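J.: 3D model of this:
(chains A and B)
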Amino acid sequence: NAGVMQNPRHLVRRRGQEARLRCSPMKGHSHVYWYRQLPEEGLKFMVYLQKENIIDESGMPKERFSAEFPKEGPSILRIQQVVRGDSAAYFCASSPGQASTDTQYFGPGTRLTVL
Amino acid sequence: AQSVTQLGSHVSVSEGALVLLRCNYSSSVPPYLFWYVQYPNQGLQLLLKYTSAATLVKGINGFEAEFKKSETSFHLTKPSAHMSDAAEYFCAVSDQSGYIPTFGRGTSLIVHP
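T.: Numbers count the residues shown, from 1 in each chain, chains lettered A, B, ... in the order given. So this is what the prediction gives:
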């Protein structure tokens, strides 16, 4: 059973470009979470999705960021018009049920660098 | 609302020494508590979790943690550190009313020969 897959592992973008980060959850998991990790900081929750639904996006910046988890295919975190402050590691996690009780399984992350 | 405080951003121990990583939490309802480990350039891996069963929780790689309600603590320990334990450790808290764990800022464990 493959773990949570994220790609690309490293992504370099220039200011103003778009970044697309992909996450394939573990087989059988229908709950997906995105987190951002800045240097010397813990993980900050961004968004929680189930198939075709955004359940909680309270951690998402109001502008330029969006996320989806379509019926088929991976979850996508999209950042439009990237700025240097978007440089961070972005982690995806999945769980079979809600993360308050079920274990979250994390992907290896995508390290975004904005030049 | 819930929060986690990890005391000490860096902890340094000698190989073979006791490891103690501190975590204090606040939660308005009985919490669920987690410890995760992150090796360089990797995602987080669950070490152990407390979900209102036994207060002493044993995890992988010889780690354990004890839930102390009176002290609102969930410190992580290991009797004897190995070089391979060098990593970043995160404590997290959630409760049954919420579904997203809140993570601490992390503690970097350094193990020297």
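
J.: Rounded mean pLDDT for the host helix or strand of residue A:111, please.
T.: According to DSSP states H and E, residue A:111 maps onto strand A:110-114. What strand A:110-114 shows for mean pLDDT is 96.

J.: do stretch B:34-42 as well
T.: Here the average pLDDT along stretch B:34-42 is 89.

J.: Can you get me a residue count around the residue nearest to residue A:106 when sequence neighbours are not counted?
T.: Excluding its sequence neighbours, the residue lying closest to residue A:106 (Cβ to Cβ, 6 or more residues apart in numbering or on different chains) is residue B:43, at 3.5 Å. The C-beta positions use only the backbone N, C-alpha and C, and glycine is treated the same way. For residue B:43, the neighbour count with other Cβ atoms under 10 Å in any protein chain shown is 22.

J.: what do you get for the one 10 residues further on?
T.: The tally of other residues near residue B:53 (other Cβ under 10 Å) stands at 9.

J.: any idea how far it is from residue B:34?
T.: As defined by Cβ to Cβ, to the nearest Å, residue B:53 lies at a distance of 14 Å from residue B:34.

J.: and chain B, which residues reach chain A?
T.: B:9, B:32, B:36, B:41-46, B:49, B:51, B:90, B:94-96, B:98-106 (Cβ under 8 Å from any Cβ of the partner chain).

J.: Could I get the full set of strands for the chain?
T.: Going with chain A. Along chain A, the segments classed as strands by DSSP state E run A:5-7, A:10-13, A:19-24, A:31-37, A:43-50, A:53-56, A:65-68, A:75-79, A:88-95, A:105-106, A:110-114.

J.: nope, chain B please
T.: Applying DSSP E to chain B gives strands spanning B:3-5, B:10-14, B:19-21, B:24-26, B:31-38, B:44-50, B:56-58, B:64-68, B:73-78, B:87-95, B:102-103, B:107-112.

J.: hey, what's the residue in chain A that chain B sits nearest to bridged with?
T.: Relative to chain B, the nearest point of chain A is residue A:106 (3.5 Å; Cβ to the nearest Cβ). Counting by DSSP bridges, residue A:106 is bridged to residue A:93.
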